[in-house]
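Dropping a prediction and its sequence here:
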Amino acid sequence: MSGLYGTIRGAYIDPQKDVEMFYFYRPNRSTTDEDFSKFKTLSVSNLVRSHADVGGGIEDVLPGMFNLRLPLDIFNDKGIYTVYIRPKEKMVHLQDVSVLADYPSIRGVVINKGDVDGVVDLTGYRVEYFDNTNEGAATRTDRAFIITSCNFCKPVWVTVNDNVNIPRRYQYSDSSSNMLFCTLTPCSYGDYSPNVAPNIGTGDPDKDLVAVVNTKFSPVMIEIEMVEHDAETITTMLEGDTIMDHDNAIMTHYNEDKEIYQQYDFYEQKNTLGEPLYTVKRKRENIEGGEDYDNII
């Protein structure tokens, strides 16, 4: 249909740089044990990039598509595993909150390049603020902004001759700088409140703790339940071949390859008059190999 277009695309991400994964395990849904209440880190190496046979000498990576491996040293117990996959967060103390020397109407925050693992273009990243004014651990707030531009910068001191009372300002620099000047949105005065600008920080690194987060994908939560039986094993028990050895009181179930899958002692307990009291079906721990399917049939 002419005139229609889409804007959603698969993100091309590097798991080592862009992704964090966590998990926690609980043996059942009703457990209240504190040992099963906290998430643990899961290595992003368990995200395997997906490929497609596109031909023509074009890169065969499918953007946004990954396979999740479940390492046996972690996912090895029956129960429920919750896996949380989110964009990687970098905890940063803002070095300053200021304006550009030549354009004092442009406000921004200053970030040390080393604090964001050397990423030099943070455009599109989200900045989430913490409240660390109270004693104890800093708490995340709902205050968040999107970075609209990111450039190398260096500080300069100016004689204040305008209504912006900030003597230490910044100007764009070349790549030799370790500081990044990032403009945020929203950061300008609103029409409804022309005298108050959005609070993007105090300028005190000890107070301005933020999380710098990429926006390449939305967080994903996956619940995985590890069970003893799946559809295939249940089908084997319900529909697979079964042989009842009345002489030895052994019931044997076979898989589709006619191999012994499970064995049970199966017999009746009777009273002194020979009347049946109980029918017993008890799983055998020691498999009786003499119940081989081909030998019996």
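Received, thanks. Quick caveat: nothing in here was measured; it's all calculated off a predicted structure.

Please report how far residue 117 lies from residue 239.
Per CB to CB, to the nearest Å, residue 117 is found 55 Å from residue 239. Heads up, the C-betas are built off the backbone N, CA and C, glycines and all.

Apart from its chain neighbours, what residue comes closest to residue 278?
Distance criterion CB to CB, 6 or more residues apart in numbering; nearest residue to residue 278, sequence neighbours excluded, is residue 269 at 4.3 Å.

cool, and residue 174?
Nearest residue to residue 174 in three dimensions, chain neighbours excluded: residue 152, at 6.3 Å (CB to CB, 6+ apart).

Same question for residue 245.
Spatial nearest neighbour of residue 245, excluding adjacent residues (CB to CB, 6+ apart): residue 291 at 6.1 Å.

give me the number of residues near that neighbour?
17 (other CB atoms under 10 Å).

So it sits against residue 250, correct?
Yes: Residue 291 is in contact with residue 250 according to CB atoms under 8 Å; the separation is 6.0 Å.

what touches both of the two?
residue 263 (CB atoms under 8 Å, 6 or more residues apart in numbering).

ok, then the element right after whichever strand or helix holds the residue nearest to residue 174?
Taking DSSP states H and E as the definition, residue 152 sits inside strand 139-157. Downstream of strand 139-157, the next assigned helix or strand under DSSP H and E is strand 168-172.

List the neighbouring strands of the next helix or strand after that next one plus their orientation.
As assigned by DSSP H and E, the chain's next helix or strand after strand 168-172 is strand 179-185. Strand pairing for strand 179-185, using DSSP bridges, gives strand 107-112 (antiparallel), strand 139-157 (antiparallel).

Strand 168-172 and strand 179-185, what's the angle between them?
Comparing the axes of strand 179-185 and strand 168-172 via axes from the mean of the first three to the mean of the last three CA atoms, to 10 degrees yields an angle of 100 degrees.

Report the next helix or strand after strand 179-185 in sequence order.
Where DSSP H and E defines the elements, the next helix or strand beyond strand 179-185 is strand 209-213.

what pLDDT does the spatially closest residue to residue 169 that is not a sequence neighbour get?
Sequence neighbours aside, residue 101 is the residue nearest to residue 169 in space, at 4.1 Å (criterion: CB to CB, 6+ apart). pLDDT recorded at residue 101 is 90.

quick one: contacts for residue 101?
By CB under 8 Å, 6+ apart, the residues touching residue 101 are 156, 158, 169, 170, 171.

sorry, back to before: now what about the one helix or strand the residue nearest to residue 278 maps to, what contacts it?
Assigned by DSSP H and E, residue 269 belongs to strand 260-270. Residues outside strand 260-270 that contact it (CB under 8 Å, 6+ apart) are 233, 236-237, 240, 244, 249-255, 276-284, 287-289, 291-293.

Now a ChimeraX select for only the buried ones of the contacts of residue 101.
The buried subset of the contacts of residue 101, as determined by 16 or more other CB atoms under 10 Å, is captured in ChimeraX by this line:
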select :158,169,170
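
Pick the one among the contacts of residue 101 closest to residue 84.
residue 170 (37.2 Å; CB to CB).

That closest one contacts residue 155, correct?
Yes: assessed by CB under 8 Å, residue 170 is found in contact with residue 155 at 5.7 Å.
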